[in-house]
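K.L.:
next come a sequence and a model predicted from it.
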Amino acid sequence: MVQSQPIGIFDSGIGGLTVARSLKEALPLEQFIYFGDTAHMPYGDKSPEEILQYSKKIVEFLIANHVKLIVIACNSASSIAASALRSAYWKQVEIMGVIRPVVNDIVKNNIKKIGIIGTQATIQSQIYPHLLHEADAQIEIYQLATPLLAPMIEAGKVSQSVLYQTMADYLSDKHFEDKEAILLACTHYPIIKDEVNTFFKHQKRIFDNAAPLAFEVKKYLTDKNLLATVKKGANQFYVSRYSDTFEKAIYTFYGKQLEVKEVHL
Ligand code: DGL
């Protein structure tokens, strides 16, 4: 691996852009190759076998594009497929998921009562309770699958009342009332972070994957002496099915229209 190689990032759709944004802020000289698997979105409702199969194809595509590191910017794929992907590709590339960095962040912040929302796949995997309790057996956790949110966000329903109502329905669950913090355990959810904050009247700390992951990636690249020293090429964006909202999301996140290429894996 050399410093000038790009970093690969993938998600089922636009959610990973929340992670890509933090990576770009923390590592302005890096070049990124982003893959949004829009043809298979949502991942959260798929079987573990399907999620692993999609993820493998994307990892192979990114390896073929000579990335020095792959970030799984998706909780569903990180919880289901990260270890299998690492076992399959460890000789070719380092693969980082989004879960452990935010777990470390929650523990470091001494959170004792937390509510978690995520996709069906992530919640069913039990990965967050498992890792959080491993670090601190006293943490009180309540998790709820909120499967309608990511598809609605992906469909561009942000700031429409139907999305707010759906979110409010989920968050009205009384088990969230006494929690001091909420973990947005899906990379799509930071897109509606303001709405979540409004719902809870800014009374809860909100955690998400992006900043803790960016911190870990920077640390990893620094330790391995793999940090880019000059900006080489432009970032590249790929999707498995063209989507209008993906293009719009790119504009929102990057402030300009960037080319999005469709590839079928
Ligand atoms: N953004 C993803 C996650 O973090 C996937 C959402 C989905 O495709 O269901 O889980």
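P.N.:
That came through fine. All values derive from a computational prediction rather than experimental measurement. Numbering: from 1, shown residues only.

K.L.:
which residue ranges of the stretch 151-265 of the chain form helices?
P.N.:
Along the stretch 151-265 of the chain, the segments classed as helices by DSSP state H, counting those that start in this stretch run 161-171, 193-199, 210-223, 244-254.

K.L.:
out of those, deepest packed?
P.N.:
Of all the helices of the stretch 151-265 of the chain, helix 210-223 carries the top mean neighbour count, a mean of 18, counting by mean count of other Cβ atoms under 10 Å. In this view, the C-beta of every residue, glycine as well, is placed from N, C-alpha and C.

K.L.:
contacts made by that helix with the rest, please.
P.N.:
With contacts defined as Cβ atoms under 8 Å, 6 or more residues apart in numbering, helix 210-223 is touched by 7, 18-19, 21-23, 25-27, 30, 69, 71, 73, 94, 96, 98, 100-102, 104-105, 187, 190, 226-227.

K.L.:
the ligand next: which of those are close?
P.N.:
residue 187 (Cβ under 6 Å from any ligand atom).

K.L.:
how about the residues of the stretch 151-265 of the chain that lie near the ligand?
P.N.:
When proximity is defined as Cβ under 6 Å from any ligand atom, the stretch 151-265 of the chain approaches the ligand at 186, 187, 188.

K.L.:
quick check, residue 52 in a helix?
P.N.:
Yes - under DSSP: H, G, I helix; E, B strand; the rest coil, residue 52 falls within a helix.

K.L.:
any idea how far it lies from the ligand?
P.N.:
Distance of residue 52 to the ligand, computed by Cβ to the nearest ligand atom, to the nearest Å: 14 Å.

K.L.:
now residue 53
P.N.:
In terms of Cβ to the nearest ligand atom, residue 53 sits 15 Å off from the ligand.

K.L.:
that residue: neighbour count?
P.N.:
Neighbour count for residue 53, taken as other Cβ atoms under 10 Å: 13.

K.L.:
list the contacts of the residue lying closest to residue 82 once chain neighbours are set aside.
P.N.:
Distance criterion Cβ to Cβ, 6 or more residues apart in numbering; nearest residue to residue 82, sequence neighbours excluded, is residue 97 at 3.9 Å. Shown in contact with residue 97 (Cβ under 8 Å, 6+ apart): 72, 77, 78, 79, 82.

K.L.:
please apply the same query to residue 33.
P.N.:
Going by Cβ under 8 Å, 6+ apart, residue 33 touches 6, 7, 8, 9, 62, 65, 67, 235, 236, 238.

K.L.:
who does the strand or helix carrying the third one pair up with?
P.N.:
This points to residue 8. Using DSSP states H and E, residue 8 sits in strand 7-11. Strand 7-11 has its sheet partners listed here by DSSP bridges as strand 32-36 (parallel), strand 69-72 (parallel).

K.L.:
angle of it against helix 210-223?
P.N.:
Relative orientation of strand 7-11 versus helix 210-223 (axes from the mean of the first three to the mean of the last three Cα atoms, to 10 degrees): 150 degrees.

K.L.:
how about residues contacting strand 7-11?
P.N.:
Taking Cβ under 8 Å, 6+ apart as the rule, strand 7-11 contacts 16-17, 19-20, 23, 27, 30-37, 55, 58-59, 62-63, 65, 67-74, 77, 93, 187, 217.

K.L.:
state the next helix or strand along the chain beyond that strand.
P.N.:
For strand 7-11, the following helix or strand on the C-terminal side (DSSP H and E) is helix 16-26.

K.L.:
output the contacting helices and strands for that next one.
P.N.:
If you count contacts as 3 or more Cβ pairs under 8 Å, 6 or more residues apart in numbering; DSSP states H and E, helix 16-26 packs onto strand 7-11, strand 32-36, strand 69-72, helix 210-223, helix 244-254.

K.L.:
what is the orientation angle of the first one with helix 16-26?
P.N.:
Orientation check (the same axes, to 10 degrees): strand 7-11 against helix 16-26 gives 150 degrees.

K.L.:
in this structure residue 183 contacts residue 208, no?
P.N.:
Yes - using Cβ atoms under 8 Å, residue 183 is in contact with residue 208, at 7.4 Å.

K.L.:
picking that back up, just the pLDDT at the residue nearest to residue 82, thanks.
P.N.:
Note for residue 97: predicted pLDDT of 98.
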